[in-house]
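J.: Just to be clear, the model below is a prediction. Sequence and coordinates:
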Amino acid sequence: MSEAGPPDIIGLDDTSFEEFVAGSSARLFTMATLLTGGHRAEAEDLLQGAFERAYRRWRRISRRADPEPYVRQILVNASVDRWRRLRRHPEAPLAVTGFDPGTADTAAAVADRDLLLRGLATLPPRQRAVLVLRYFEDLSEARTATMLGCTVGTVKSQTARGLARLRESVGAAGDQDPGTRKGTVRHD
Amino acid sequence: MTDFERWLRAAMATAAEPPPAGLLDGVRRRHRRHVRRVGAACVAAVAAVGIAAPLVTKGIQAGPAGTGPARSAASSPPVTISPTVPTSPPRTAPGTVLRDCQSNNNGTLGSNWKADSVHAGPVWFIYARPRNNPPPGQRLTTGKLTASAMVIAVSNGRAAIVTVASAAGGDFRFLASFHSNGEPYTLAEGGGRLKLVGCPAGPAGTGIPASYAPGLTMFWQGYVTDLRGCIPLEVRTSPASPPIRVALPAADGGCGS
């Protein structure tokens, strides 16, 4: 998917765009957070930029049945651009942040989230993006390859390497392999 | 799917957190910045052609480029002024720069240009709307001398006089022409008053897109100033009429922020 054609500069009071942002921002912000390895400020910047680019072409985009895939593509493209800028300035691992454990179930979910974000932050950006698209967005290998502009073979290899590295990272941080822990994440 | 992949999928699904507050406002701010950047680039490119056309028709020979005002330096075509041709348009009175139909720089704008422009009587300051309304009585501040340019338009068939507010009289000058020899601009040149005379009004055409700004005579107007933040200007349709006061962002863009 690419952004072709000149931008439509529309008025700034389009309510359909506001409704779209209200309905999709939670999920897209989560995706942006995962894509940036838990860097909230970067995720906010990424999401704001993606929405603004969508806003420029809103007249065209809003005619689609669901504009969200278009914005998702913009988000992935922007994260790719970000990783290219970061190639000379590698990210530092996510700092430990405190949290209120609340109930035991909440504590477990929060702990898993913390493990996940720390683990994702240690991955190279492309492996991170592949895992987010495959496991958060549930995209097929072919669709993931299209979004990232690479081959299916690359997606397969990046997935395998990313999973191995993430498993090693979260396994080292937690007391055991999270995949073998029981009752770690509730599915209410 | 392995247990770890199942864990990963579940952990990602529960990693949700609320989106940041003020997201829509942030998007709108970015969009305004984008429109300003695109607008300035488009108008500079169009005005570069517009500036070249009337000068070329007066028999000016092209030559090495001068530095010119900041916004036009990157896009103005190379021009030198023949010494036998006046370098500035005729003035109506000492200290007044005249822009009329003969020296207009018409071009096309973005389709929603009015939303980012300031309207004062028959005059439009195009793409000059400050980010926020500057507070009343905002103090004038000065800094480094800067030469720049603005896109200003007047309705066809109308005339207007634009002056800088008296409190800033010594800190702002409308330029009569652009330097072609790289000489820096000073507050001793140009004038403190700008007289705009639109092209004759004619019958309105049909189906003309808003981006062509129909019914307006447009000018690429240089100025030099050491004002920072806001530039207070006054627009009058006659010497006796009460002024319409506007505040435009200076080159540092700090007006109303």
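T.: Ah, there it is.
J.: Please, where are all the strands along the chain?
T.: Since no chain was named, I'll use chain A. Using DSSP state E, no strands are found in chain A.
J.: nope, chain B please
T.: B:96-99, B:118-120, B:123-126, B:141-155, B:159-164, B:172-174, B:193-197, B:216-228, B:230-236, B:244-249.
J.: quick one, which of those is nearest to residue B:30?
T.: strand B:244-249 (17.2 Å; CB to CB). For every residue, glycine as well, the C-beta is placed using N, CA and C.
J.: thinking again about what came up before, how about a markdown table for the strands of chain B, with mean neighbour count added?
T.: Shown next, in a markdown table, are the strands of chain B (neighbours: other CB atoms under 10 Å in any protein chain shown):
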| stretch | mean neighbour count |
| --- | --- |
| strand B:96-99 | 21 |
| strand B:118-120 | 18 |
| strand B:123-126 | 24 |
| strand B:141-155 | 20 |
| strand B:159-164 | 21 |
| strand B:172-174 | 25 |
| strand B:193-197 | 22 |
| strand B:216-228 | 23 |
| strand B:230-236 | 22 |
| strand B:244-249 | 19 |
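J.: Ok, which of those strands comes nearest chain A?
T.: strand B:123-126 (13.7 Å; CB to the nearest CB).
J.: so residue B:95 makes contact with residue B:192?
T.: Yes: using CB atoms under 8 Å, residue B:95 is in contact with residue B:192, at 5.5 Å.
J.: ok, back up a step: rebuild the strands of chain B as TSV, extending it with mean pLDDT.
T.: Below are the strands of chain B laid out as TSV (pLDDT from 0 to 100):
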stretch	mean pLDDT
strand B:96-99	91
strand B:118-120	93
strand B:123-126	92
strand B:141-155	85
strand B:159-164	93
strand B:172-174	90
strand B:193-197	93
strand B:216-228	87
strand B:230-236	91
strand B:244-249	89
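J.: out of those, nearest to residue A:113?
T.: strand B:244-249 (43.7 Å).
J.: Note down every partner strand of the closest one and its orientation.
T.: strand B:230-236 (antiparallel) (DSSP bridges).
J.: just the angle between the partner strand and strand B:141-155, please?
T.: Going by axes from the mean of the first three to the mean of the last three CA atoms, to 10 degrees, strand B:230-236 is angled at 40 degrees with respect to strand B:141-155.
J.: what's strand B:230-236 in contact with?
T.: Residues from elsewhere that reach strand B:230-236, judged by CB atoms under 8 Å, 6 or more residues apart in numbering or on different chains: B:120-121, B:123, B:125, B:130, B:134, B:138, B:140, B:160-165, B:167-168, B:172, B:225, B:242-250, B:254-256.
J.: at 7 Å instead, please
T.: B:120-121, B:123, B:134, B:138, B:160-165, B:168, B:172, B:225, B:243-250, B:255 (CB atoms under 7 Å, 6 or more residues apart in numbering or on different chains).
J.: mind checking pLDDT for residue 22?
T.: All of this is about chain A. Per-residue confidence (pLDDT) for residue A:22: 90.
J.: could you do chain B instead?
T.: Value listed for residue B:22 in the pLDDT field: 88.
J.: Please report how far it lies from chain A.
T.: As judged by CB to the nearest CB, to the nearest Å, residue B:22 and chain A stand 10 Å apart.
J.: I'd like the distance between that residue and residue A:30.
T.: Here residue B:22 is placed at a distance of 18 Å from residue A:30 (CB to CB, to the nearest Å).
J.: likewise residue A:39?
T.: On the measure of CB to CB, residue A:39 and residue A:30 end up 13 Å apart.
J.: Which one of the two is surrounded by more residues?
T.: residue A:30 (22 against 19; other CB atoms under 10 Å in any protein chain shown).
J.: Thought residue B:15 was touching that one, still the case?
T.: Yes: shown here, residue A:30 and residue B:15 form a contact pair, counting by CB atoms under 7 Å, at 5.9 Å.
J.: what number of residues lie near residue 130?
T.: Let's take chain A. 29.
J.: Not quite, go with chain B.
T.: For residue B:130, using other CB under 10 Å, the count is 18.
J.: same deal with residue B:183?
T.: Using other CB under 10 Å, the number of residues around residue B:183 comes to 10.
J.: can you tell me how far it sits from chain A?
T.: Following CB to the nearest CB, the distance that separates residue B:183 from chain A is 37 Å.
J.: Check residue B:1 too.
T.: Note on residue B:1: its distance to chain A, by CB to the nearest CB, is 10 Å.
J.: Pull the number of nearby residues for that residue.
T.: Using other CB under 10 Å, the number of residues around residue B:1 comes to 8.
J.: Could I get the full set of helices for chain A?
T.: Taking DSSP state H as the test, the helices found in chain A are A:15-35, A:40-56, A:58-61, A:68-86, A:104-121, A:125-131, A:141-148, A:152-173.
J.: Could you dump those into CSV with distance to residue B:99 added?
T.: Formatted as CSV, the helices of chain A follow (distance: least, CB to CB, whole Å):
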stretch, distance to residue B:99
helix A:15-35, 39
helix A:40-56, 33
helix A:58-61, 36
helix A:68-86, 42
helix A:104-121, 58
helix A:125-131, 53
helix A:141-148, 52
helix A:152-173, 59
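J.: Comparing the ones you listed by mean pLDDT, which bottoms out?
T.: Among these, helix A:104-121 carries the lowest mean pLDDT (a mean of 76).
J.: ok, now which ones touch residue A:151?
T.: Counted by CB under 7 Å, 6+ apart, residue A:151 has contacts residue A:145.
J.: Over to the one 10 residues further on?
T.: Contacts were defined as CB under 7 Å, 6+ apart; by that measure residue A:161 touches residue A:127.
J.: Quickly note the distance from it to chain B.
T.: 14 Å.
J.: now swap in residue A:73 and tell me
T.: On the measure of CB to the nearest CB, residue A:73 and chain B end up 17 Å apart.
J.: Make sure that residue is actually in contact with residue A:147.
T.: Yes: judged on CB under 7 Å, residue A:73 makes contact with residue A:147 at a distance of 6.1 Å.
J.: More neighbours: which of those two?
T.: Applying other CB under 10 Å to residue A:73 and residue A:147 shows that residue A:147 carries more neighbours, namely 22 against 17.
J.: what's around the residue lying closest to that one once chain neighbours are set aside, how many residues?
T.: In space, and not counting its chain neighbours, residue A:147 is closest to residue A:76: 5.2 Å by CB to CB, 6 or more residues apart in numbering or on different chains. Residue A:76: 24 surrounding residues under other CB under 10 Å.
J.: ok, now which ones touch residue A:76?
T.: Contact partners of residue A:76, counting by CB under 7 Å, 6+ apart, are A:129, A:147-148.
J.: beta partners for residue B:97?
T.: residue B:194.
J.: now residue B:144: how far from residue B:227?
T.: 11 Å.
J.: which one of the helices of chain A is the most hemmed in?
T.: helix A:125-131 (a mean of 23; mean count of other CB atoms under 10 Å in any protein chain shown).
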